[in-house]
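Novice: I would like to see how this sequence folds:
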Amino acid sequence: MEIKIRTLERKDLDLVHKLDNERTTMAFWFEEPYESFDELVSLYDKHIHDDRERRFVVDKDGEFAGILELVDIDFIHRTTEIQIIIEKAFRGNGIATISMKKGLDYAFNTLNMYKVYLYVDVDNVKGLHIYKKIGFVEEGKLRKHFFANGKYHDSYLMGIFRQEVKY
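Specialist: Numbering: from 1, shown residues only. This next block holds a predicted model:
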């Protein structure tokens, strides 16, 4: 099994659109689950040259398995947020763990970030397990910070430094 991350291309947008419209998946991203394809294309065009973002496709043996993003890249403080969604058919095989490590490697060794952080729903047991296994540390709990699926959710803010990544 070969897992890699590659740059998100326009040709991938139909698969991203499918992910973006899964209600349960987007609830863990604290995002509205309904997005038109035209809106997605417009966002892609708007952000393609944005230095504060890097968007990747998670590729398993040549197949689209998900997306990984580095957003809010701050080159002064050298911090960025990391986000990941793995396609349902590919979950439970360690792909998220491998992909997150590749994303962290890119953040630390290509972008020279000092710290990478993420937000995770306190009820996202699988996500929390993966992040802690990689070396992320809970830095705080944000009470009723995100609204998704008709209610407010508590979220952990988690962070990691280069030397804490468990490769």
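Novice: could you pull out the helices for this structure?
Specialist: All helices of the chain, identified by DSSP state H, fall at 13-20, 23-28, 37-47, 95-109, 125-134.
Novice: Could you provide these in CSV, with additional columns for mean neighbour count and mean pLDDT?
Specialist: All C-beta atoms are positioned from the backbone trio N, CA, C, and that covers glycine. Formatted as CSV, these follow (neighbours: other Cβ atoms under 10 Å; pLDDT from 0 to 100):
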stretch, mean neighbour count, mean pLDDT
helix 13-20, 17, 76
helix 23-28, 17, 57
helix 37-47, 13, 75
helix 95-109, 20, 97
helix 125-134, 16, 96
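Novice: Including distance to Gln83, could those helices go into CSV?
Specialist: Shown next, in CSV, are the helices of the chain (distance: least, Cβ to Cβ, whole Å):
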stretch, distance to Gln83
helix 13-20, 12
helix 23-28, 10
helix 37-47, 14
helix 95-109, 9
helix 125-134, 11
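Novice: got the contact list for the residue positioned nearest the centre of the chain?
Specialist: Nearest to the geometric centre of the chain sits Gln83, at 1.5 Å (Cα atoms, centre = their mean). Taking Cβ atoms under 8 Å, 6 or more residues apart in numbering, we find Gln83 in contact with Trp29, Leu68, Glu69, Val71, Leu118.
Novice: repeat that with 6 Å
Specialist: Glu69 (Cβ atoms under 6 Å, 6 or more residues apart in numbering).
Novice: Distance-wise, check it relative to Thr97.
Specialist: Plainly put, Gln83 is 15 Å away from Thr97 if you go by Cβ to Cβ, to the nearest Å.
Novice: what does Asp61 give?
Specialist: Distance from Asp61 to Thr97, counting by Cβ to Cβ: 17 Å.
Novice: what does Leu68 give?
Specialist: Counting by Cβ to Cβ - Leu68 and Thr97 are separated by 12 Å.
Novice: And stretch 154-167, what's buried?
Specialist: Ser155, Tyr156, Leu157, Met158, Gly159, Ile160, Arg162, Val165 (16 or more other Cβ atoms under 10 Å).
Novice: In this structure, what helix or strand scores lowest on average pLDDT?
Specialist: The helix or strand of the chain with the poorest confidence is helix 23-28; it has a mean of 57 (mean pLDDT, DSSP states H and E).
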